[in-house]
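*Asks:* Got a predicted model here, sequence first, then my questions.
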Amino acid sequence: MSEEKAKTQGAVQTTGHAWDGDLQEFNNPLPAWWLWAFYGTVLFAVVYWIFYPAWPVGTGYTTGVMNDVTFVDSDGKKMTTHWNTRALLLKEMQEGEEAQLTRKYLDRIDKAGFAEILGDAELMAFTRSYAKGVFGDNCAPCHGAGGTGVIGLFPNLADDDWLWGGTPQDIHQTITHGRYGFMPAFGEALSDQQIDDVADYVLSLSGHDVDGAAAARGQQVFQTEVGGCYYCHTHAATGLKSQGSANLTDRIWTIADVPGARTAEARHAAVRRVIEKGVQRRMPAWSDRLDPAQIKLLTVYVHELGGGQ
Amino acid sequence: MNASDSGAEVLYQARIPIYPRSVKGRFRALKWGILTLAYGVYFLLPWLRWERGVGPDQAILFDLPGRRFYLFDLVVHAQDLFWLAGLLMVGALLLFFVTTIAGRVFCGYFCFQTLWTDVYLLIERLVQGDRVARMRLDRAPWSAGKILRKTATHLLWLLVAFWTGLTFVLYWGNAPDLVAAFFTGKAPFPAYATALFLTATTYVMAGLAREQVCTYMCPYARFQSVMFDADTRIVAYDEKRGEGGRGRHKITRELKTREQRRAAGVGDCIDCGYCVQVCPTGIDIRNGLQVQCITCALCIDACDTIMDSLGWERGLIRYTSQNELAGKKSRVFKPRTLGYGLVLLAAIAALAWSVGHQAPLELAVIQVRQPLFVRLSDGRIQNSYELHLANKTNEPLQVAIMMHGLAGGELDLGKFDSVRLPPQRSLKVLARVRVKPHHRHKGSRAFLFDAIPQEKPEIGMVSAPATFYLPGAEH
């Protein structure tokens, strides 16, 4: 006690140096708790070196002892390695509580048919939460996070119009094998007048106000060998899902930006451009990149987006 | 005090060890009773089994991964967690209310720092003896006996600390399984970390830091003084009686009886120092109200023991108030007390009502905002919603989903129009709503989703508000 008092009351040591004649530096002792905590960290570090990867040695490093992590890698091989957070993460993603729950659901999805999944609210909730990530990683770059696509480029998946069919089987086929959407360019085959007429006729199909005489002339081109549009779009102009040809009688436009046009001239020009230049667009096949379970879940997810058929 | 007395400026002062002496008396007995009750509840509660229809059979279980808190027959879901805020508010208000009336009752009788320190002192006394023996032991040079006694004390402290930490962990998992897993190295890491941390804090706080926690660390100890006034009950020394005209004095041959002492102008305090020796915070209550005093009332027991042995009346140190000591009337209920009391009652009532009216079926609606709306092939507008349904009963519930309040609106849930909710579970359902657009009805329109239980009509329909966004007709 008396020693402690001496340290704190007046008799403080100095470092022994004096600057500018009388400028001295006190040599106060470190607080004991601080010092012991510091020794504690040193001890901790030594223990850490023994049990965890720590020191670089040549091109490698010390790996520590008694810290093996065993996990199954992406090829299904069983791997044992020294402690590292990457292996721990892989292990957690395969064996963790969440991973086990996910696997349980995936097994159920695997065994169920589309009708069964669509009729089960719990499986649908799982699909929505799981496939949202798959969709975001793979589909959203073109179709958008909400599946609304870009008019003229990528179809809207959130509406009820399906170019290639909206049944789960159709959607599954589309995702697995991809689609090649093609409409020939009529700029060479038809005269300017004829193209204008067909454009008017196409607009009239979905109830737009157009010049009746022009639309009637356009109908002739559309419904006969002159233009031959009905080959793909059918006489009723409702499209063929085997060709991916658009239904021209509804309110959905995937190439010509009719909804975005503010005047009758702009609408006409938008449709005319498509007839003149044609359409070529491709959706890649995903069977190489996604596993069957992911494709199945994506199918249900896309089906639910807009309310499928 | 010491610092300023010594004249030199002292920035750091080593702790002066305190050796509280044991005492018997009514307050000590009361405190042992409270301690037994509190320990009984804390240490045994995780082991209490409880029959409930669905879920674990542990009476109290905080299931974090499952996002459920089980409290006997009450199941607290994640969305009910605001009850915790209510509970904390009630706790705070109760503290305020009691403090204005009776001072630091919490500190003296209920605080875990006080309870655990009491147990640690008991261990110390059983192993090393009472105050004088402990002081002698500390002064003695190191010997086999001293090492044995000191080691035994610290090991027992650590044992209590460890059991305290482990018990806390048991509230967060199935106790029997968790204990087995804990000692076979199979428990989750957080279990070990928490148990170890609480072992360390218990050992340090109750074994080593003790009264320093109350004096220097505890915020409650500080802000309770705000609620004090001259009417608050405090443990105080009756200076008038104790000091008389000429101060306190030890018993001597000439100053033995009260008559002799009165005649000599000496007070009733015989300056035996018992009240100082029993104090766990090491203060002398005769110096008046002090910040260190946790009103544990042990000095009352000590003084009463002495007064009883002298045959004088008790109460030289007693529960009183500054006003009473000054000879004035002391009021218990002041506007402030009543105010705290009313707010406390309101908080308790609100919490009780909320817990008592936990909805058996809950429905929440989140509108899908990406995209906010979709134009369909027939020109209609579609909005999508994620409906969150929660069944808080112990039986499965078939729930039909409908909507009302949106003229011309059509609801599409996909391939089902009702869902089966397992007991104590929730489910998210995607709902699409379609409306024919109209130039005059542009913008947002409010409507309601309805969840209608197909069995158990007493639950009734639950509705949740939603908004339909209508962008207006095309150009």
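*Replies:* The structure has been received and is ready for your questions. Computed from a prediction, not measured in an experiment: that's the story for all the values here. Numbers count the residues shown, from 1 in each chain, chains lettered A, B, ... in the order given.
*Asks:* What residue spans form the domains of the chain?
*Replies:* Chain wasn't specified; assuming chain A. According to automatic domain parsing, chain A comprises the domains A:2-51, A:102-178+A:284-306, A:182-283.
*Asks:* my bad, chain B
*Replies:* Split by automatic domain parsing, chain B gives B:16-47+B:111-218, B:234-325, B:361-470.
*Asks:* Work out the gap between the first one and the centre of the chain.
*Replies:* In this view, domain B:16-47+B:111-218 has its centroid 19 Å away from the chain centroid, taken as C-alpha atoms, centre = their mean, to the nearest Å.
*Asks:* Please apply the same query to the last one.
*Replies:* Centroid displacement of domain B:361-470 relative to its chain, using C-alpha atoms, centre = their mean, is 41 Å.
*Asks:* That one vs chain A: in contact?
*Replies:* Yes. Using C-beta under 8 Å from any C-beta of the partner chain, domain B:361-470 reaches chain A at B:368, B:370-371, B:374-379, B:382, B:386, B:412, B:414-416, B:419-420, B:427-430, B:432. No exception for glycine: its C-beta is placed from N, CA and C like everyone else's.
*Asks:* Now do the end-to-end distance for that domain.
*Replies:* 30 Å (C-alpha to C-alpha, to the nearest Å).
*Asks:* Please apply the same query to the second one.
*Replies:* Length of domain B:234-325, first residue to last, C-alpha to C-alpha: 10 Å.
*Asks:* what ranges do the helices span in the stretch 151-300 of chain A?
*Replies:* A:168-177, A:192-205, A:212-223, A:230-233, A:264-277, A:292-306 (DSSP state H, counting those that start in this stretch).
*Asks:* gap between residue B:62 and chain A?
*Replies:* Separation of residue B:62 from chain A (C-beta to the nearest C-beta, to the nearest Å) stands at 16 Å.
*Asks:* Redo the domains of chain A as JSON lines? Include distance to residue B:16.
*Replies:* Output for the domains of chain A, formatted as JSON lines (distance: least, C-beta to C-beta, whole Å):
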{"stretch": "domain A:2-51", "distance to residue B:16": "11"}
{"stretch": "domain A:102-178+A:284-306", "distance to residue B:16": "60"}
{"stretch": "domain A:182-283", "distance to residue B:16": "82"}
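*Asks:* Comparing these by mean pLDDT, which bottoms out?
*Replies:* Note on these: lowest mean pLDDT is at domain A:2-51, with a mean of 83.
*Asks:* rewinding a little: dump the helices of the stretch 151-300 of chain A to a markdown table, plus mean neighbour count and distance to chain B.
*Replies:* As requested, the helices of the stretch 151-300 of chain A are exported to a markdown table (neighbours: other C-beta atoms under 10 Å in any protein chain shown; distance: least, C-beta to the nearest C-beta, whole Å):
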| stretch | mean neighbour count | distance to chain B |
| --- | --- | --- |
| helix A:168-177 | 18 | 11 |
| helix A:192-205 | 22 | 13 |
| helix A:212-223 | 18 | 19 |
| helix A:230-233 | 16 | 15 |
| helix A:264-277 | 19 | 9 |
| helix A:292-306 | 22 | 6 |
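*Asks:* can you tell which of those helices is closest to residue A:139?
*Replies:* Residue A:139 lies closest to helix A:292-306 among these, at 7.1 Å (C-beta to C-beta).
*Asks:* Quick one: distance of the closest one to the chain centre.
*Replies:* For helix A:292-306 - counting by C-alpha atoms, centre = their mean - the centre lies 13 Å from the chain centre.
*Asks:* Pull the number of nearby residues for residue A:206.
*Replies:* Residues lying near residue A:206 (other C-beta atoms under 10 Å in any protein chain shown) number 17.
*Asks:* Correct me if wrong: residue B:255 contacts residue B:263.
*Replies:* No. If you go by C-beta atoms under 8 Å, residue B:255 and residue B:263 don't touch, sitting 9.3 Å apart.
*Asks:* which of those two has more neighbours?
*Replies:* Counted by other C-beta under 10 Å, residue B:255 and residue B:263 do not tie: residue B:255 has more neighbours, with 16 against 11.
*Asks:* SS state for the more buried one?
*Replies:* Classification of residue B:255 using DSSP: H, G, I helix; E, B strand; the rest coil returns coil.
*Asks:* ok, and the closest non-adjacent residue to it?
*Replies:* Once flanking residues are discounted, residue B:255 sits nearest to residue B:261: 5.2 Å by C-beta to C-beta, 6 or more residues apart in numbering or on different chains.
*Asks:* those strands in the chain, which residues are they?
*Replies:* I'll assume chain A. Secondary structure of chain A (DSSP state E): strands at A:14-19, A:23-26, A:56-57, A:60-61, A:69-72, A:78-81, A:179-183, A:279-283.
*Asks:* nope, chain B please
*Replies:* Using DSSP E, the strands of chain B run over B:60-63, B:68-71, B:74-77, B:234-237, B:317-320, B:361-367, B:374-375, B:381-391, B:397-404, B:410-412, B:418-421, B:426-435, B:443-453, B:462-470.
*Asks:* Quick check: neighbours of the last one in the sheet, parallel or antiparallel?
*Replies:* When sheet partners are counted by DSSP bridges, strand B:462-470 sits next to strand B:443-453 (antiparallel).
*Asks:* ok, longest helix in the chain?
*Replies:* Went with chain A since none was named. helix A:32-51 (DSSP state H).
*Asks:* Not quite, go with chain B.
*Replies:* Longest helix in chain B, counting by DSSP H: helix B:144-170.
*Asks:* So, low pLDDT: which residues of the stretch 1-150 of chain B?
*Replies:* B:1-12 (pLDDT under 70).
*Asks:* can you map out the helices along the stretch 1-150 of chain A?
*Replies:* Under DSSP H, counting those that start in this stretch, the stretch 1-150 of chain A gives helices at A:2-8, A:32-51, A:85-95, A:97-111, A:114-118, A:121-138, A:140-143.
*Asks:* Was I right to think residue B:463 contacts residue B:452?
*Replies:* No. Using C-beta under 8 Å, residue B:463 is not in contact with residue B:452, being 9.5 Å away.
*Asks:* if I look at the most centrally placed residue in chain B, how far off is chain A?
*Replies:* Centroid check for chain B by C-alpha atoms, centre = their mean gives residue B:91 as the closest residue, at 6.8 Å. Separation of residue B:91 from chain A (C-beta to the nearest C-beta): 32 Å.
*Asks:* again with residue B:200
*Replies:* Distance, residue B:200 to chain A, using C-beta to the nearest C-beta: 12 Å.
*Asks:* Now that residue: closest residue in space that isn't a chain neighbour?
*Replies:* That would be residue B:161: by C-beta to C-beta, 6+ apart, it lies 7.5 Å from residue B:200.
*Asks:* residues near the one you found, how many?
*Replies:* 23.
*Asks:* How about the contacts made by it?
*Replies:* Neighbour list for residue B:161: B:198, B:199, B:200, B:202, B:203, B:206, B:207 [criterion: C-beta atoms under 8 Å, 6 or more residues apart in numbering or on different chains].
*Asks:* just to revisit the earlier point, do you know how far the residue nearest to residue B:255 is from residue B:252?
*Replies:* Note on residue B:261: its distance to residue B:252, by C-beta to C-beta, to the nearest Å, is 10 Å.
*Asks:* Give me the more crowded residue out of these two.
*Replies:* Legend: neighbour count by other C-beta under 10 Å for residue B:261 and residue B:252, higher for residue B:261 (23 against 12).
*Asks:* wait, that one sits on residue B:243?
*Replies:* No. Residue B:261 lies out of contact with residue B:243 (C-beta under 8 Å); the separation is 11.2 Å.
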